[in-house]
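*Asks:* Okay, predicted coordinates and the sequence, questions at the end:
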2 protein chains.
Amino acid sequence: MKPDRFADILKQNDVSVTTVRRAIFDALATADKPLKNGEIATLVPTVDRASVYRTLELFDRLGLTTTIVRGWTPFTELAEPFKAHHHHIACERCGTVVEIENDTLEDVLGLIAGRHDFELTKHVVELTGVCKNCRVAIS
Amino acid sequence: MKPDRFADILKQNDVSVTTVRRAIFDALATADKPLKNGEIATLVPTVDRASVYRTLELFDRLGLTTTIVRGWTPFTELAEPFKAHHHHIACERCGTVVEIENDTLEDVLGLIAGRHDFELTKHVVELTGVCKNCRVAIS
DNA sequence: TATATTCTGCAAAAATGTTGCAATAATGAT
DNA sequence: ATCATTATTGCAACATTTTTGCAGAATATA
């Protein structure tokens, strides 16, 4: 039968696999981009808001999701093993978001942590800039 | 007379130097660590909540402050030229926060942006890990 | 399928942000 | 210094977002 990593991870952590949790997980998986809490709630209209918050907190605690901030707003997206580890660079004019995967960056972060005697468990990198198009447009 | 970079920057941007703005600026300068919006409001009890929000938005727009996120909460702190450019690594057990300054990291971020045809204007790097003490403690 | 336990919806409250407008404070010129 | 102009603030009401307790529903286990 089909492998179900989502269910497996929940079970490994002794929490139930429920339809609510799967619905929210699917919403994140389908969107395939970081979503605000409110957006997630909208995508699962049958689920109570309180449950959405409780579920997102759970996912975060289990490491299923990553939360980044743009401006002042937190956005959540799936983390490994559901999505390859990556970061983002966003254009501040047009809003385009590009995913970044860069081993050198990961290495440098590890080294920095080590130099401060920290064992790295998580990290967030969000870049903001102006994309090529927008630089040409008005500049 | 004493130089007043804060006032200078506000004037350069054609906004008034008011006691409210200075109070909030002072709160950020004195705290010397990233603060939640609510914490800032608490530190200037005489200032109306609405003014706090409007001021923080202004500071952000003028580039006086930087906003990072930990967990789901946005935190604001002073940026250059009031504080040297830096990032943070926080211990997820004891909460200790250490500031990071690393030229290699800055270079790598610039290169990554360039490779994607972006001109970098801003970036956030937040590391989370376990510090030496906490690793020894229980582990 | 029965039982124990965990989850969810509901409803109410707390916390967080936002808005328009009149009163106040800051700025620049005299 | 004072005045006129303009920007800023407080107030108060509102909107939105998040949190909480608890009873009923769904899930896991034997």
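*Replies:* All right, it came through fine. Residues are numbered from 1 along each chain as shown, chains lettered A, B, ... in the order given.

*Asks:* Report all helices and strands that the longest strand belonging to chain A contacts.
*Replies:* Using DSSP state E to define each element, chain A has its longest strand at strand A:118-131. For strand A:118-131, the packing partners by 3 or more C-beta pairs under 8 Å, 6 or more residues apart in numbering or on different chains; DSSP states H and E come out as strand A:65-70, strand A:87-91, helix A:103-115, strand B:87-91, helix B:103-115, strand B:118-131. Yep, even glycine has a C-beta here, placed from its N, CA and C like the rest.

*Asks:* That strand: partners in the sheet, and parallel or antiparallel?
*Replies:* strand A:87-91 (parallel), strand B:118-131 (antiparallel) (DSSP bridges).

*Asks:* Which one of those strands lies nearest to DNA strand C?
*Replies:* Smallest distance to DNA strand C across the strands paired with strand A:118-131 (C-beta to the nearest atom of the strand): 16.7 Å, for strand B:118-131.

*Asks:* Report the angle between that closest one and strand B:65-70.
*Replies:* Taking axes from the mean of the first three to the mean of the last three C-alpha atoms, to 10 degrees, strand B:118-131 and strand B:65-70 form an angle of 50 degrees between their directions.

*Asks:* Rounded mean pLDDT for strand B:118-131, please.
*Replies:* If you average the pLDDT over strand B:118-131, you get 93.

*Asks:* and A:Thr30, how many neighbours does it have?
*Replies:* Under the neighbour criterion other C-beta atoms under 10 Å in any protein chain shown, A:Thr30 is assigned a count of 9.

*Asks:* if you skip the residues just before and after it, what's nearest to it?
*Replies:* In space, and not counting its chain neighbours, A:Thr30 is closest to A:Leu43: 8.0 Å by C-beta to C-beta, 6 or more residues apart in numbering or on different chains.

*Asks:* ok, the one you found - contacts?
*Replies:* Shown in contact with A:Leu43 (C-beta atoms under 8 Å, 6 or more residues apart in numbering or on different chains): A:27, A:30-31, A:35.

*Asks:* As CSV, those residues with distance to DNA strand C and secondary structure would be great.
*Replies:* As requested, these are exported to CSV (distance: C-beta to the nearest atom of the strand, whole Å; DSSP: H, G, I helix; E, B strand; the rest coil):
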residue, distance to DNA strand C, secondary structure
A:Ala27, 13, helix
A:Thr30, 18, helix
A:Ala31, 19, helix
A:Leu35, 18, strand
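
*Asks:* Output these in JSON lines; the columns should cover pLDDT and distance to B:Ala7.
*Replies:* Output for these, formatted as JSON lines (pLDDT from 0 to 100; distance: C-beta to C-beta, whole Å):
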{"residue": "A:Ala27", "pLDDT": "98", "distance to B:Ala7": "48"}
{"residue": "A:Thr30", "pLDDT": "96", "distance to B:Ala7": "51"}
{"residue": "A:Ala31", "pLDDT": "94", "distance to B:Ala7": "45"}
{"residue": "A:Leu35", "pLDDT": "96", "distance to B:Ala7": "41"}
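
*Asks:* Now narrow those to whatever sits close to DNA strand D.
*Replies:* Contacts with DNA strand D are made by none of those, judged by C-beta under 7 Å from any atom of the strand.

*Asks:* Now the buried members of these.
*Replies:* A:27, A:35 (16 or more other C-beta atoms under 10 Å in any protein chain shown).

*Asks:* can you tell me which of the contacts of A:Leu43 lies nearest to DNA strand D?
*Replies:* Nearest to DNA strand D, judged by C-beta to the nearest atom of the strand, of the contacts of A:Leu43 is A:Leu35 at 11.1 Å.

*Asks:* need the contact list for A:His86.
*Replies:* By C-beta under 8 Å, 6+ apart, the residues touching A:His86 are A:99-101.

*Asks:* Which pLDDT does the model give A:Lys2?
*Replies:* Note on A:Lys2: pLDDT of 63.

*Asks:* ok, back up a step: can you dump the C-alpha atoms of the longest strand of chain A in PDB for me?
*Replies:* Extracted in PDB, the C-alpha atoms of strand A:118-131 (Å, rounded to 0.1, in the frame of the first residue of the first chain):
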ATOM      1  CA  PHE A 118      25.700  25.900  19.500                       C
ATOM      2  CA  GLU A 119      24.300  22.800  17.900                       C
ATOM      3  CA  LEU A 120      22.100  24.000  15.100                       C
ATOM      4  CA  THR A 121      18.600  22.700  15.100                       C
ATOM      5  CA  LYS A 122      16.800  25.100  12.800                       C
ATOM      6  CA  HIS A 123      17.300  28.300  10.800                       C
ATOM      7  CA  VAL A 124      15.500  30.900   8.900                       C
ATOM      8  CA  VAL A 125      16.900  32.900   6.000                       C
ATOM      9  CA  GLU A 126      14.700  35.400   4.200                       C
ATOM     10  CA  LEU A 127      16.200  37.700   1.600                       C
ATOM     11  CA  THR A 128      14.500  40.700   0.100                       C
ATOM     12  CA  GLY A 129      15.600  42.600  -2.900                       C
ATOM     13  CA  VAL A 130      14.600  43.900  -6.300                       C
ATOM     14  CA  CYS A 131      14.400  41.500  -9.200                       C
END
